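J.: after the sequence you'll find the predicted model.
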Amino acid sequence: MADAVHLNYVFDSVRFGQSPKSGTGCAIVEGSVRIQKPRFRSRFAMSMHLLGNGEWGLLDMRWKSTPISVCGNQEFLQQIVNSAARLLYPINTWPGKQETGSATLVLNQKIAPPESADSVIVSFRPNVLALPGPDWSEMWQRIVDRVNHDVHFRVHGFTKEEILIAIDQLRNVFPDSWVLRRYKDISDNTAKTVRMGDAFHPEADPFWFPAYHLARVANGAICIDPGWSYFVELGLSVKELESFAQIDLLRGQLSRSAGTQYQVCLAAELYKRGLLVGLEQGTGSGSARNDLLVSIHNRDYDIETKAFTSGSPIERLEHEILDKADKMPNNPNRPLVFHVVLLENGIFDKKREDSFFKGIADIGDRLPDRISGVVGSRIFFDSGGGRMKRAVEVCTLNPIAKRISQLKDLEVLFESNHASVKYPTFGVGTFFYFETGPPDKPGT
C-alpha cells in the first residue's frame, strides 16, 4: 500500500511474448489497479524482461483506461514491478558433486550460476500458483509462447524445434478440455471454478502426467522438469512412427493408456534401429492384436508391452499373460515376448522395483506355452536430459513354449540404449511436484 495515493493492485496471470522494443522474450504480467485518492481503476498489462542479475525490469506498462498522472510516478511503478518480479523468480535445483549412484543437490532462487545453467534439473515459480490464472482455452497457445519466449523454460537435451514438433503432435491428443476434466475430477465439487494452479497430487489421477505438467507450464509455473522430457519423448516418437498406418490408432489411445504411451516410445526406438516391422499386427485369432512386430537375425518376434502402476504388479502381469494366451492361436506363428516396465506414481521406490524384477525372474515355470518369455526393463530419465533411458534387468524364457525365443536375440533387441548415466535419475512418473498455500489476495 502506498499511503500517498492509497494504491491497491492485484495480479491475475503471467504470460510470455516477444517484446516489440527489444525483439527478445518478455514476461507479461496482467492485473488491475485501484487508487482511492485520486480515484482511478483500470486493468493493466506490464511487459518485463530479465536482467543479467536475475532481476526483472519494466519494459512498458499498458493501461485499459487512460491513466491519471500519478500512474507515471516512478515510485508508483516500482512498487508494482517489485511485486510482479517476485512472481517470476524461479526456485532452481541442479546436481553438484557426482557420487557413486547419486549426486548432491544445490538449490537457489532467481537464476542459476552460468556454469550450472545447463544442469538445472528442476526450476519452478511457486508464486504463480496463487494467481487466478488464464482461461483453459488459452492453454496450448500459452505453452507455445513459453517455449518461444520464456528465457527460463527449457527441456534439457532437446532443441526448441524438437519441443515444438512434440507439441504439434500431442496438442490434439491432450486438448485443454481433457486437462480440465482431469482437474475437475480431483477438485472440490463446491468450487465455482477450477484453476490451473489448483492442488493436484500425483496419486489423485492416473493421468497426473501429463495433465499436471501441461497446466503448470501454461500458467507459467514449471520452467524445467523431467516430466517435459517424457512429453517431448512421446511427441517425437509419434512423429517418428508416422509412416505406420496404425499410429493413428495408437495416438487415439495415448490419453487413455499409460501403457500405450510407453509402447509408442519403445516402438520408435526399435524403428530407429531398423528392427520394427509393424504395429498392432493381428495375432491370427479373431480381432486380437499384438503390440509390436520386430525382426532380428532374420527371425520375427511379436512383442507385447506392459507398463504397470499397480500396487501388485506381478499379480497384474500374470493376469495379463493368461488373458493374452487365451487370445492367441493354439500354434502361434512367431514367439510372443512380454516387455514390461514399472511406472511409479509418487516417490521413486527402488526396493519396490527390485521386488518386481525378482517376481519376473520367478515366473518362468508358470508361463503358458503360447508365451515365449518375459523381459523386465528399468526406464528412467537422468539429469543430463534427452531421450528416455532403458536397461534390461531380467529376462525369463519359457522352455516349454511352442515358439522358443533366442536369448541372444532378446539381448540385442532390448540392449541398453545409453552408455553412461548422470545422477540423479528419475523414474517415469516420479517427476517433481510443487504446491503452495496461496494467500487470499495474491499480489496485494
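T.: Arrived safely, thanks for sending.
J.: the residue nearest to the spatial centre of the chain and residue 212, how far apart?
T.: For the chain, the residue lying nearest the average C-alpha position, counting by CA atoms, centre = their mean, turns out to be residue 227 (2.8 Å). Using CB to CB, to the nearest Å, one obtains 8 Å as the distance from residue 227 to residue 212. C-beta coordinates here come from the backbone N, C-alpha and C atoms, glycine included.
J.: overlap in contacts, the two.
T.: For the pair residue 227 and residue 212, no residue contacts each of them under the criterion CB atoms under 8 Å, 6 or more residues apart in numbering.
J.: re the thing from before, part of a helix, is the residue nearest to the centre of the chain?
T.: Yes - under the criterion used here (DSSP: H, G, I helix; E, B strand; the rest coil), residue 227 sits inside a helix.
J.: before we move on, which element is residue 216 in?
T.: Per DSSP states H and E: residue 216 is located in helix 208-218.
J.: name the helices or strands packed onto whichever helix or strand comes after that helix?
T.: Using DSSP H and E, the helix or strand that follows helix 208-218 in sequence is strand 222-224. For strand 222-224, the elements it packs on are strand 122-124, judged by 3 or more CB pairs under 8 Å, 6 or more residues apart in numbering; DSSP states H and E.
J.: redo that, cut-off 10 Å
T.: The criterion is 3 or more CB pairs under 10 Å, 6 or more residues apart in numbering; DSSP states H and E, and the helices and strands that strand 222-224 contacts are strand 91-99, strand 122-124, helix 208-218.
J.: just the CA trace of the longest one, in PDB.
T.: Spelled out, it's helix 208-218. The C-alpha atoms that make up helix 208-218 are tabulated as PDB, following Å, rounded to 0.1, in the frame of the first residue of the first chain:
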ATOM      1  CA  TRP A 208      -1.400 -36.800 -13.400                       C
ATOM      2  CA  PHE A 209       1.100 -36.900 -16.200                       C
ATOM      3  CA  PRO A 210       0.700 -35.000 -18.500                       C
ATOM      4  CA  ALA A 211      -2.300 -33.100 -17.100                       C
ATOM      5  CA  TYR A 212      -0.300 -31.500 -14.300                       C
ATOM      6  CA  HIS A 213       2.700 -30.700 -16.500                       C
ATOM      7  CA  LEU A 214       0.600 -29.100 -19.200                       C
ATOM      8  CA  ALA A 215      -1.400 -26.900 -16.800                       C
ATOM      9  CA  ARG A 216       1.700 -25.900 -14.800                       C
ATOM     10  CA  VAL A 217       3.500 -24.800 -18.000                       C
ATOM     11  CA  ALA A 218       0.500 -22.900 -19.300                       C
END
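J.: quick one: mean pLDDT for stretch 276-296?
T.: For stretch 276-296, the per-residue pLDDT values average out at 87.
J.: ignore what I typed, I meant stretch 362-378.
T.: Along stretch 362-378, the predicted confidence averages to a pLDDT of 93.
J.: ok, residue 274 - contacts?
T.: Contact partners of residue 274, counting by CB atoms under 10 Å, 6 or more residues apart in numbering, are 294, 295, 296.
J.: let's have the residues you listed in JSON lines, adding secondary structure, distance to residue 173 and neighbour count.
T.: Supplementary listing: the contacts of residue 274 in JSON lines, determined by DSSP: H, G, I helix; E, B strand; the rest coil; distance: CB to CB, whole Å; neighbours: other CB atoms under 10 Å:
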{"residue": "294", "secondary structure": "strand", "distance to residue 173": "25", "neighbour count": "22"}
{"residue": "295", "secondary structure": "strand", "distance to residue 173": "29", "neighbour count": "17"}
{"residue": "296", "secondary structure": "strand", "distance to residue 173": "30", "neighbour count": "18"}
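J.: would you map the helices across the chain?
T.: Secondary structure of the chain (DSSP state H): helices at 74-88, 139-149, 160-170, 176-186, 208-218, 226-240, 247-253, 258-272, 313-326, 350-361, 407-413.
J.: any chance of the ones you listed in JSON lines, plus distance to residue 199?
T.: Compiled in JSON lines, the helices of the chain are given as follows (distance: least, CB to CB, whole Å):
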{"stretch": "helix 74-88", "distance to residue 199": "19"}
{"stretch": "helix 139-149", "distance to residue 199": "18"}
{"stretch": "helix 160-170", "distance to residue 199": "24"}
{"stretch": "helix 176-186", "distance to residue 199": "8"}
{"stretch": "helix 208-218", "distance to residue 199": "10"}
{"stretch": "helix 226-240", "distance to residue 199": "17"}
{"stretch": "helix 247-253", "distance to residue 199": "28"}
{"stretch": "helix 258-272", "distance to residue 199": "22"}
{"stretch": "helix 313-326", "distance to residue 199": "28"}
{"stretch": "helix 350-361", "distance to residue 199": "25"}
{"stretch": "helix 407-413", "distance to residue 199": "42"}
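J.: between the two ends of stretch 163-182, how far is it?
T.: Across its full length, stretch 163-182 reaches 23 Å end to end, with CA to CA, to the nearest Å as the criterion.
J.: so how far is that stretch off the chain centroid?
T.: 11 Å (CA atoms, centre = their mean, to the nearest Å).
J.: same check, this time on stretch 301-318
T.: Taking the mean of its C-alpha atoms, stretch 301-318 sits 22 Å from the chain's own mean (CA atoms, centre = their mean).
J.: pull up the distance across that stretch, start to finish.
T.: Using CA to CA, the gap from the first to the last residue of stretch 301-318 comes to 20 Å.
J.: cool, and stretch 186-202?
T.: 11 Å.
J.: make 55 the starting number, not 1.
T.: Fine by me, first position is 55 from now on; the one you just mentioned is stretch 240-256.
J.: spell out, range by range, the strands that occur in the stretch 355-498 of the chain.
T.: In order along the chain, the stretch 355-498 of the chain carries the following strands (DSSP state E, counting those that start in this stretch): 390-396, 427-436, 443-451, 479-481.
J.: can I get the ones you listed in CSV with mean neighbour count and distance to residue 469?
T.: Compiled in CSV, those are given as follows (neighbours: other CB atoms under 10 Å; distance: least, CB to CB, whole Å):
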stretch, mean neighbour count, distance to residue 469
strand 390-396, 26, 13
strand 427-436, 23, 10
strand 443-451, 18, 7
strand 479-481, 21, 19
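J.: quick one, which of those strands gets closest to residue 210.
T.: Each of the strands of the stretch 355-498 of the chain has some distance to residue 210 by CB to CB; the shortest is strand 427-436, at 9.3 Å.
J.: picking that back up, between the helices of the chain, which one is closest to residue 81.
T.: Proximity to residue 81, assessed across the helices of the chain by CB to CB, is greatest for helix 128-142 (5.6 Å).
J.: so how far is the closest one off the chain centroid?
T.: Using CA atoms, centre = their mean, the distance between the centre of helix 128-142 and that of its chain works out at 32 Å.
J.: perfect, I'm done here.
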